[in-house]
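Enquirer: Could you look at this predicted model? Sequence included:
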Amino acid sequence: MLKQLTKRREPLSFMLYLGIMGSSLLFFFIILVFVAKEINNQQITIKIPGVFWASTCIIITSSSTLQWANKAFREERFRSYRLNISLTLICGILFMVLQALGWRQMILGGITMSNNTGGMFIYILSGLHLIHALVGIVALGVANRDAFKRMEYVESYVYSVNPPNQLKLRLISIYWHFIDALWLLLFLFLLYHASQNQGNSH
């Protein structure tokens, strides 16, 4: 037990988990503000843009392709690795595009941060999440660049057995899965409140 407690932690992993905890607390605080407003009898109407359903499916898909990329990387199937890490990046970019289209739907529907409290929370939560997703997309871009710089099997193999490179892919994967899970939780939270609004209106 003592050995486990005194074991040297990998500093980059520690920093990543610390960042994830900080981001989680930020979103938790925003949700608490939302709940506090509702408790104070302020009816908050939420209307989720339809395109958010598509973006949610896309980001869930991206987690699957990233898992397949990791499996291929470990098994030295580098062509499959390049394909799946590319698909993950494409899904990430598509997610951001669809989120932007969701904002466009809201704006065209006359929902702004100043005239709609529910809309304001959707903009804040999805906007902050997009900033986090952008960081992940940059990291996935770096992983793609590294993957396609080494097209020969021997070069790819040497790259794959290097511990810092293994760590890099592991950290990118942890972060992207966090981005995925975070959006899923936020979407379910918004969806629940949107359904509550519909129930109250009948």
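Expert: Structure received.
Enquirer: what about the strands in the chain?
Expert: Using DSSP state E, the chain contains no strands.
Enquirer: Where does pLDDT dip in it?
Expert: Along the chain, segments meeting pLDDT under 70 span 1-9, 41-42, 197-202.
Enquirer: what about the helices in it?
Expert: Using DSSP state H, the helices of the chain run over 2-6, 11-39, 51-74, 78-108, 117-149, 153-160, 163-201.
Enquirer: Does anything pack onto the last one? Which helices or strands?
Expert: For helix 163-201, the helices and strands in contact under the criterion 3 or more C-beta pairs under 8 Å, 6 or more residues apart in numbering; DSSP states H and E are helix 11-39, helix 51-74, helix 117-149. For every residue, glycine as well, the C-beta is placed using N, CA and C.
Enquirer: Mind giving me the packing neighbours of the first one?
Expert: In terms of contacts (3+ C-beta pairs under 8 Å, 6+ apart), helix 11-39 is packed against helix 117-149, helix 163-201.
Enquirer: now the ones you listed as CSV including distance to Asn84?
Expert: Formatted as CSV, the helices and strands packed on helix 11-39 follow (distance: least, C-beta to C-beta, whole Å):
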stretch, distance to Asn84
helix 117-149, 10
helix 163-201, 11
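Enquirer: Glu76: which of those is closest?
Expert: Glu76 lies closest, by C-beta to C-beta, to one member of the helices and strands packed on helix 11-39: helix 163-201, at 12.3 Å.
Enquirer: how distant is the closest one from the center of its chain?
Expert: Computed by C-alpha atoms, centre = their mean, to the nearest Å, the separation of helix 163-201 from the middle of its chain amounts to 5 Å.
Enquirer: Buried residues of it, list them for me.
Expert: The neighbour-count check on helix 163-201 (16 or more other C-beta atoms under 10 Å) flags 168-173, 175-176, 178-180, 182-183, 186-187, 189-190, 193-194 as buried.
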